[in-house]
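Q: build me a structure from this.
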Amino acid sequence: MSGYLQPEPFTYINIKLTDEGRKKLSLGQLNFAKAVVSDREINYGIDNLNYYDITCCNRVLAPKDNQPSISLNYDGSLPLNLQSIGSATQYATAMTQSTGFFTGATNGWGIKESLSLGYSVISYSAQTPGGGTSIKMTGGTHFPSADELMFVMWETVQNSASTYAGNVVMSANPSVCLWYRVLSANTGTSMVSLDRPLPNFGATVPTSSQKVNAYFYPYNGIQEYYGSAMTVDVSVWNMNVVRTTSEIGTTNSMSGYVSYGSIEYNGTKQYLGFSSETKNFGIIHYTNNFTGNTYAEELLPGTVQLDIPYVMWHRYPASTGQAVPWGLTLTDTYGPDVFDNAAQTTFRPLRDGNSSNSLVVGRVYHKLKIMIITDQELLTALTYKSNRNYTLPKVELDSTVVPKFPLSTVDATGIMQTGYTYYVTYITESEPVYASGLTYGYPVSSPCTYYNKIDGVNDINGDPQYLRVNFPSNAFPYMRSYTGMDTYSGTGWNANKVQLLVNKVDTTLYPYNQPGNIPTDNWRLISNVAGNGIYSGGSSTIDPLQLQGFSYVISQEDYDSGTTYSLTGAYSGFNQNASLLTYGDEYMYYGNIKTGIKATVFKTVLTVVLPNNQFNSTLNQSFDPVYNTNIYITEIAILDASGKVVAVGKPTVPITKNVNNYLAIQLEIDF
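A: Below you'll find the model as predicted:
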């Protein structure tokens, strides 16, 4: 608080608790009993010729924490009884700006360099072909150090029209964006060693003019960098992707989910009442130091907007293989408030649109000021270790009594036995080295994390039926065919092979039939014995239109000849340690948030009454009744029952009191 109150064109009273008042509040002993009015900051003899107007010119000291004691009113009378003590509630709302790691708006986002450690330029021509784990930096504003995170929006060598060395604007340039962790960096050679393999752009790299920026961020920067008074702008939200089951492909010899990052947030899943059906969930929260009450007391329902500019969302409304703008906007504008019995508070659905046709991908708990993402594919796209920023659609399952042509029931046996449940997902793969029209050369990525299931059933003859798997229509807007790779200048993503993953579960052992309750170590990569477990583009990249029209029909022979899916190679580093990335190492929400905020102010209203026929004289030694007809109030002290000053109010300009003024002064203390 400044030494003096700022004069205002109108009078209001600035009131605050004193040290004594705050001490008693902490002990639960605070009470308000009486009031004392004072004019001890008035010099009545300053000007007897009326050239000086006390009511506009006299400066008043601001109320102090350690306010001097006062026991009598300015006229020498005993403290006044408070006329009334009441309570009032006031609500205040406001809209925040879009804050986070990006500048701009929909279809025109750019990375906000000020929230990064800086960037280095990756010149493709300076690289050694091969897609290894080391890369050379050729300039920029920052050379990395070990343990930093690196974010790259890779451009394929086909995308020469988007060569750049400055900040990128993400509009019609959907790219595969990948995260890495720096293992070491050599300033002498400009070489940086990373935790996972880089894209392999092959022999074309030395002749390519392509350049991209690698942006660097502190590992676990929320705790160690953002909001720790080291940055000016701390409008950064936290995000933790929590896994309470292991990733599929985790064998008994591997450490599981208890060694993943963010496991310390698992109690929130219990608090919010999520069952094991929610395998993974993401918590977006604002837990930063030195930020004050940035987002008030709660978020305003219907106003929350989350933007994730770098995600290629499989539900983007575009024709198959032809989506150009990228990014995802999530809102809570559609749908009612829902009461959560476990958390004993309300939430609204978080959707990928604002209509009944939009998909629920999570929740917004406005009073808790957190957003929860439950959509498993969106969480995968936000996971550093997934090696993809595009999401995949959920497969559709049914059964059939005949195998896929040209097989017959003589050649193949059904797989769907009564008493078993079949969980199905898939993995997309590309040729590991760039080849024109065939692949972009990106590394292997995580399987689709939508797990569909179907119960086994026998036909009328008692024989197991065949498992049929299809893809929904318009579910691959960013997947590029051979012609699409050329037409769209190397943007989007591609695949040469889509292979099914099946887990056959005995329902007597796992009766709950929930994705979070199934084993993680018995997933089978279905083989291609009869062309049924793998869809391939042959000598070219897969055409997404052809993929959508394809039906897998799985027999027991396909299942038996498959191999066990295991997380190896790029996915073998699970434990939290000083160098490798693991699942759950996401600590910052790499996007923007705009929301309405709401604050509730509870006021204690104290009323002090000064009748017109009282308090019209003063013991102030400068007062002369010959020249002075008015009394001027500069202080109102509030005493507790023991006579201690627990609060004090100061008017911005002195308050006039005389025989014509009946004053009822209301003091409001906010809590």
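Q: distance from whichever helix or strand residue 607 is part of to the middle of the chain?
A: Residue 607 is part of strand 596-610 when elements are defined by DSSP states H and E. Put simply, strand 596-610 sits 33 Å off its chain's centre (CA atoms, centre = their mean, to the nearest Å).
Q: and that strand, which residues are buried?
A: Across strand 596-610, burial judged by 16 or more other CB atoms under 10 Å covers 596-598, 603-604, 606, 608-610. Where C-beta positions appear, they are placed from N, C-alpha and C, glycine not excepted.
Q: give me the sheet partners of it and which way each runs.
A: In the sheet, strand 596-610 lines up against strand 84-95 (antiparallel), strand 298-299 (antiparallel), strand 663-670 (antiparallel) (DSSP bridges).
Q: show me what the very next helix or strand once past the shortest one is in contact with.
A: Toward the C-terminal end, the helix or strand that comes next after strand 298-299 (DSSP H and E) is strand 305-308. Residues from elsewhere that reach strand 305-308 (CB atoms under 8 Å, 6 or more residues apart in numbering): 98, 100, 102, 106, 109, 284, 327-331, 350, 371, 382, 590-595.
Q: narrow these to just the buried residues.
A: Taking 16+ other CB under 10 Å as the criterion, what is buried in these is 98, 100, 102, 109, 284, 327-331, 350, 371, 382, 590-595.
Q: just the ones in strands from the residues you listed, please.
A: When those are checked against strands (DSSP state E), the matches are 100, 102, 109, 284, 328-331, 350, 371, 592-594.
Q: how about the contacts made by the closest residue to residue 179 other than its chain neighbours?
A: Nearest non-adjacent residue to residue 179, counting by CB to CB, 6 or more residues apart in numbering: residue 384, 3.9 Å away. With contact set as CB under 8 Å, 6+ apart, residue 384 has these partners: 149, 179, 181, 581, 585-586.
Q: need the pLDDT of residue 384.
A: pLDDT, residue 384: 93.
Q: what's the answer for residue 464, then?
A: We note a pLDDT of 94 for residue 464 in this prediction.
Q: test of understanding: give the bridge partners of it.
A: residue 458.
Q: please report how far it lies from residue 510.
A: 19 Å (CB to CB, to the nearest Å).
Q: quick one: which of these two has more around it?
A: Between residue 464 and residue 510, counting by other CB atoms under 10 Å, residue 464 is the more crowded of the two (20 against 16).
Q: could you double-check that that one lies in contact with residue 412?
A: No - taking contacts as CB atoms under 8 Å, residue 464 lies outside contact range of residue 412: 10.9 Å.
Q: which residues are in contact with both of the two?
A: With CB under 8 Å, 6+ apart as the test, residue 464 and residue 412 both reach residue 556.
Q: quick one: low-confidence residue ranges for the stretch 151-300 of the chain.
A: Scanning the stretch 151-300 of the chain for pLDDT under 70 picks out 160-169, 222-234, 288-293.
Q: same thing with the chain?
A: Ranges of the chain meeting pLDDT under 70: 1-2, 8-9, 160-169, 222-234, 288-293, 511-516, 529-531, 568-578.
Q: tell me the buried residues in stretch 550-565?
A: For stretch 550-565, the neighbour count (16+ other CB under 10 Å) marks 552-559, 562, 565 as buried.
Q: which residues touch residue 625?
A: residue 617.
Q: that one should be in a strand, yeah?
A: No - assigned with DSSP: H, G, I helix; E, B strand; the rest coil, residue 625 falls outside any strand and is coil.
Q: so how far is residue 614 from it?
A: With distances taken as CB to CB, residue 625 is found 16 Å from residue 614.
Q: same check, this time on residue 550
A: Using CB to CB, one gets 94 Å for the distance from residue 550 to residue 614.
Q: center of the chain, which residue is that?
A: In the chain, the residue lying closest to the centroid (CA atoms, centre = their mean) is residue 284, at 3.6 Å.
Q: isn't it up against residue 237?
A: Yes - here residue 284 reaches residue 237: they are 5.6 Å apart, a contact under CB under 8 Å.
Q: need the residues touching each of the two.
A: Each of 589, 593 lies in contact with both residue 284 and residue 237 under the rule CB under 8 Å, 6+ apart.
Q: can you pull out the strands in the stretch 351-500 of the chain?
A: With DSSP state E, counting those that start in this stretch as the criterion, the stretch 351-500 of the chain has strands at 360-365, 370-373, 396-400, 420-429, 452-455, 466-470, 497-506.
Q: how about the ones you listed in TSV, adding distance to residue 655?
A: Listed next are the strands of the stretch 351-500 of the chain as TSV, based on distance: least, CB to CB, whole Å:
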stretch	distance to residue 655
strand 360-365	46
strand 370-373	46
strand 396-400	76
strand 420-429	74
strand 452-455	74
strand 466-470	80
strand 497-506	78
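Q: right, so of those strands, which gets closest to residue 487?
A: Across the strands of the stretch 351-500 of the chain, residue 487 has its closest neighbour in strand 420-429 (20.5 Å, CB to CB).
Q: in CSV: the ones in strands among the buried ones among the contacts of strand 305-308, plus distance to residue 542.
A: What follows is those, written out as CSV (distance: CB to CB, whole Å):
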residue, distance to residue 542
100, 35
102, 31
109, 29
284, 34
328, 24
329, 28
330, 29
331, 33
350, 32
371, 35
592, 33
593, 36
594, 38
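Q: so which bits of stretch 634-641 are buried?
A: By 16+ other CB under 10 Å, the buried positions in stretch 634-641 come out as 634-640.
Q: show me the helices in this structure, by range?
A: Secondary structure of the chain (DSSP state H): helices at 19-26, 54-57, 221-224, 266-271, 376-382, 482-487, 544-548, 556-560.
Q: looking at those, which one is packed in the most?
A: The highest mean neighbour count among the helices of the chain, using mean count of other CB atoms under 10 Å, belongs to helix 376-382: a mean of 23.
Q: so how far is that helix from its chain's centroid?
A: Its chain's C-alpha centre and that of helix 376-382 lie 13 Å apart, by CA atoms, centre = their mean.
Q: give the other helices and strands that that helix contacts.
A: Secondary-structure packing of helix 376-382 (3 or more CB pairs under 8 Å, 6 or more residues apart in numbering; DSSP states H and E): strand 238-243, strand 280-285.
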